[in-house]
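Colleague: Just need the structure, nothing else, for what follows:
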Amino acid sequence: MKTFKTLFELQADVCKTLASPKRLEIISVLKDGEKSVGELVEILGVPKANVSQHLSVMRHKGILKSRREGVNIFYSITNAKVVKACTLMREVLTEQLKERNELLESVINGQK
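Modeller: Numbers count the residues shown, from 1 in each chain. Sure thing, here's the model as predicted:
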């Protein structure tokens, strides 16, 4: 049981790391392959210091890996299952929003 408790704690730690819209956006951008910090700054429209801070946290937690090429640092996702997990959560949220919208429409149409 102690092993499961440790595993759940590690899972919660990763979930906390991903509990940032900007970090989820970074994962979405990196799902198709590595990008340099400069490319990420341009795509995300966020200051370099902000992007670098998010990248550092995600690298430290093992979600991203980096490599240096000259003066550029490139980031990529360490495990494709991270992308799958984020996609699955978005699908769940989309379904929930659709159900809520259908409920709202039925309430509105029932009042007419």
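Colleague: Could you grab the helix/strand/coil label for the residue nearest to the spatial centre of the chain?
Modeller: Nearest to the mean C-alpha position of the chain, by Cα atoms, centre = their mean, lies L24 at 2.3 Å. Secondary structure, DSSP: H, G, I helix; E, B strand; the rest coil: L24 is helix.
Colleague: So for it, what pLDDT did the model give?
Modeller: With respect to pLDDT, L24 scores 97.
Colleague: right, and it touches C86 too?
Modeller: Yes - assessed by Cβ atoms under 8 Å, L24 is found in contact with C86 at 6.1 Å. Where you see a C-beta, it was placed from the backbone N, CA and C, and this is true even at glycine.
Colleague: Show me whatever sits in contact with both of those two.
Modeller: Counting by Cβ atoms under 8 Å, 6 or more residues apart in numbering, the contacts common to L24 and C86 are L18.
Colleague: May I ask you to name the longest helix in the chain?
Modeller: helix 80-110 (DSSP state H).
Colleague: So which elements touch that one?
Modeller: helix 21-30 (3 or more Cβ pairs under 8 Å, 6 or more residues apart in numbering; DSSP states H and E).
Colleague: Downstream of the helix it packs on, the next helix or strand is which one?
Modeller: strand 35-36 (DSSP states H and E).
Colleague: Now tell me what touches the next helix or strand after that following strand from outside.
Modeller: Helices and strands here follow DSSP H and E; after strand 35-36, the next one along the chain is helix 37-44. Identification of contacts with helix 37-44 by Cβ under 8 Å, 6+ apart yields 22, 25-26, 29, 35, 47-48, 51-52, 55, 72-73, 75.
Colleague: Low-confidence ranges, this protein, go.
Modeller: Where the chain drops to pLDDT under 70, the residues are 111-112.
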